[in-house]
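**Q** Give me a model of this one.
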Amino acid sequence: MKIVQLLPTLAFGDAVGNDTMALMQVIREMGYETGIYAESIDERIKDKAVKPAYKVPYMKPDDILIYHMSIGSQLTYTIPEFNCRKIMIYHNVTPPEFLEAYNPFTADACREGLKQVTYLADKFDYCLADSAFNKQELIRMGYTCPIDVLPILIPFEDYKKAPSKKVLRRYRDHKTNILFTGRIAPNKKQEDVIKSFYYYKKYINPDSRLFLVGSYYGMENYYHSLKAFVERLQLEDVYFTGQIKFNEVLAYYHLADVFLCMSEHEGFCVPLAEAMDFRIPIIAYDSSAIGDTLGGSGILLKEKDHRIAAEMADRLMTDQKLREDVIYNQSVRLKDFEHGTIKDQFEKYIKTFIGE
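**A** Residues are numbered from 1 along each chain as shown. Now for the predicted structure:
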């Protein structure tokens, strides 16, 4: 029996791509023939089991096709053509209104993606959603097949690799470092992180800096608007890294004192789990799947008040007991995302679906 994965784009280093690659390894270990097929494949991905979408093998009725849904693609309309059992993994689709002003092409792809999620409502036998938030979205869009929640399979072992010594040397000093990692994208609201940092630096702790770690590829217009915003505020010590090497990303996590997330749309938000792993206390605005991922840990802001966010950052830096409690609660939540835990959940779901 084959279990193959299909998706529009297999990108290097993003959450969906990492999840797809990690699940392929689990499927291999379960003993099934497998492979990944995508319309667009990042040239940095070298696994021989990764092939173009048009090379999907003949699927028998007992075989399983897993389709990763995160953006619009003509590939979606081929799903009914497969005469086999079908599973969707739903990573969510970014609402196009966030992107329209900065990248209309991507906004259109997301708009089409949301239409396609609805189109696929009766095309799958089973769905896995990254979060309870994503599960509720599928139900709202008319899905009646069984749906289970399966968090993204995160390769935490990779985070034990050596961080960039160059980055550590450059920034390891007495300053307080506030961090947000993730693509530079309008739904992630980096401007609100900047506003909170402005208040923190001007009124609470001038000896501080902000790291915004993530690629702005495809969102150059938004990136330039953020740079202009920083200049208008005459705000110093704000660093945009752009796309950087993995060991450099690790270095910024090692340097961080507080992780601040003001995003307004996430299907899971892997950086929250990464911050937990690096024992960085988290402050996050309660939107979309953020509360699901934190699971009662971190500091969840029910309203977007930049002064409150800044003052909470100050408390985490000055109240050692609070800081220790927040980090402890995050470490408890992190156990739910351990590689072995998610791997076992996935295997259990697949075996139940197959009928073993």
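**Q** From here on, just use CA atoms for contacts and neighbour counts.
**A** Will do.
**Q** Identify the residues contacting the residue nearest to residue 257 when sequence neighbours are not counted.
**A** Excluding the flanking residues, the one nearest residue 257 by CA to CA, 6 or more residues apart in numbering is residue 177, at 5.3 Å. With contacts defined as CA atoms under 8 Å, 6 or more residues apart in numbering, residue 177 is in contact with 208, 209, 210, 211, 255, 256, 257, 258.
**Q** so is the second one in a helix, a strand, or just coil?
**A** Okay, so that is residue 209. Judged by DSSP: H, G, I helix; E, B strand; the rest coil, the three-state class of residue 209 is strand.
**Q** and the nearest residue to it once chain neighbours are set aside, how many neighbours does it have?
**A** Closest residue to residue 209 apart from its sequence neighbours, by CA to CA, 6+ apart: residue 237 at 4.7 Å. Residues near residue 237, counting by other CA atoms under 10 Å, number 15.
**Q** How about residue 62?
**A** Residue 62: 14 surrounding residues under other CA under 10 Å.
**Q** Quick one: the strands in this protein, in order.
**A** Taking DSSP state E as the test, the strands found in the chain are 2-10, 33-41, 50-52, 64-69, 85-90, 126-129, 147-149, 176-181, 208-213, 238-240, 258-261, 282-285, 299-301.
**Q** picking up where we left off before, closest one to residue 242 out of the contacts of residue 177, please.
**A** Closest approach between the contacts of residue 177 and residue 242, by CA to CA: residue 211, at 10.5 Å.
**Q** Relative to residue 191, how far out is the closest one?
**A** Using CA to CA, to the nearest Å, we find residue 211 at a distance of 13 Å from residue 191.
**Q** For this protein, give me the ranges with low pLDDT.
**A** The chain contains residues with pLDDT under 70 at 356.
**Q** try it again with 90
**A** For the chain, applying pLDDT under 90 flags the ranges 9, 11-15, 40-50, 155, 355-356.
**Q** Would you map the helices across it?
**A** Using DSSP state H, the helices assigned to the chain run over residues 15-30, 104-119, 132-140, 165-171, 190-199, 220-232, 246-255, 270-277, 290-294, 306-318, 320-334, 339-354.
**Q** Just give me how far the second one sits from the chain centre.
**A** Meaning helix 104-119. 19 Å (CA atoms, centre = their mean, to the nearest Å).
**Q** For that helix, report the contacting residues that lie outside it.
**A** By CA under 8 Å, 6+ apart, the surrounding residues in contact with helix 104-119 are 69-73, 76, 93-100, 138, 141-142.
**Q** swap the cut-off to 10 Å and go again
**A** Residues outside helix 104-119 that contact it (CA atoms under 10 Å, 6 or more residues apart in numbering): 69-74, 76-77, 88, 90, 92-101, 123, 137-138, 140-143, 218-219.
**Q** Spatially, and excluding backbone neighbours, which residue is closest to residue 97.
**A** Per CA to CA, 6+ apart, closest to residue 97 is residue 107, 7.1 Å.
**Q** Just give me the neighbour total for that neighbour.
**A** Residue 107 has 21 neighbouring residues, counting by other CA under 10 Å.
**Q** for the residue nearest to residue 257, which residues make a bridge with it?
**A** Beta-bridge partners recorded for residue 177 (DSSP bridges): residue 209.
**Q** Next, work out how far apart it and residue 251 are.
**A** 12 Å.
**Q** quick one: common contacting residues for those two?
**A** With CA under 10 Å, 6+ apart, residue 177 and residue 251 have common neighbours residue 171.
**Q** Convert stretch 219-226 to PDB, retaining C-alpha atoms only.
**A** The C-alpha atoms that make up stretch 219-226 are tabulated as PDB, following Å, rounded to 0.1, in the frame of the first residue of the first chain:
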ATOM      1  CA  MET A 219       6.300  40.900   0.600                       C
ATOM      2  CA  GLU A 220       8.900  43.500  -0.300                       C
ATOM      3  CA  ASN A 221       6.300  46.300  -0.300                       C
ATOM      4  CA  TYR A 222       5.300  45.500   3.300                       C
ATOM      5  CA  TYR A 223       8.900  45.200   4.400                       C
ATOM      6  CA  HIS A 224       9.700  48.700   3.000                       C
ATOM      7  CA  SER A 225       6.600  50.100   4.700                       C
ATOM      8  CA  LEU A 226       7.900  48.700   8.000                       C
END
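**Q** Please list the outside residues in contact with stretch 93-101.
**A** Stretch 93-101 is contacted by residues 69-72, 103-114, 117, 134, 185-189, 219, 221-222, 264-267 when judged by CA under 10 Å, 6+ apart.
**Q** And for residue 143, the neighbour number?
**A** Applying other CA under 10 Å, we find 21 residues neighbouring residue 143.
**Q** residues in contact with it?
**A** 117, 118, 120, 121, 122, 123, 124, 126, 127, 135, 136, 137 are the contacts of residue 143 under CA under 10 Å, 6+ apart.
**Q** before we move on, back to that, of the contacts of helix 104-119, buried ones?
**A** 69-73, 76, 88, 90, 92-96, 98-100, 123, 137-138, 141, 143, 219 (16 or more other CA atoms under 10 Å).
**Q** picking up where we left off before, ok, so what distance separates the residue nearest to residue 209 from residue 284?
**A** Using CA to CA, we find residue 237 at a distance of 21 Å from residue 284.
**Q** ok, now residue 346?
**A** For residue 346, the distance to residue 284 equals 28 Å [CA to CA].
**Q** hey, which of the strands of the chain is tucked in deepest?
**A** Mean neighbours per residue, mean count of other CA atoms under 10 Å, is largest over these for strand 258-261, with a mean of 27.
**Q** elements contacting that strand?
**A** strand 176-181, helix 190-199, strand 208-213, helix 270-277, strand 282-285, strand 299-301, helix 306-318 (3 or more CA pairs under 10 Å, 6 or more residues apart in numbering; DSSP states H and E).
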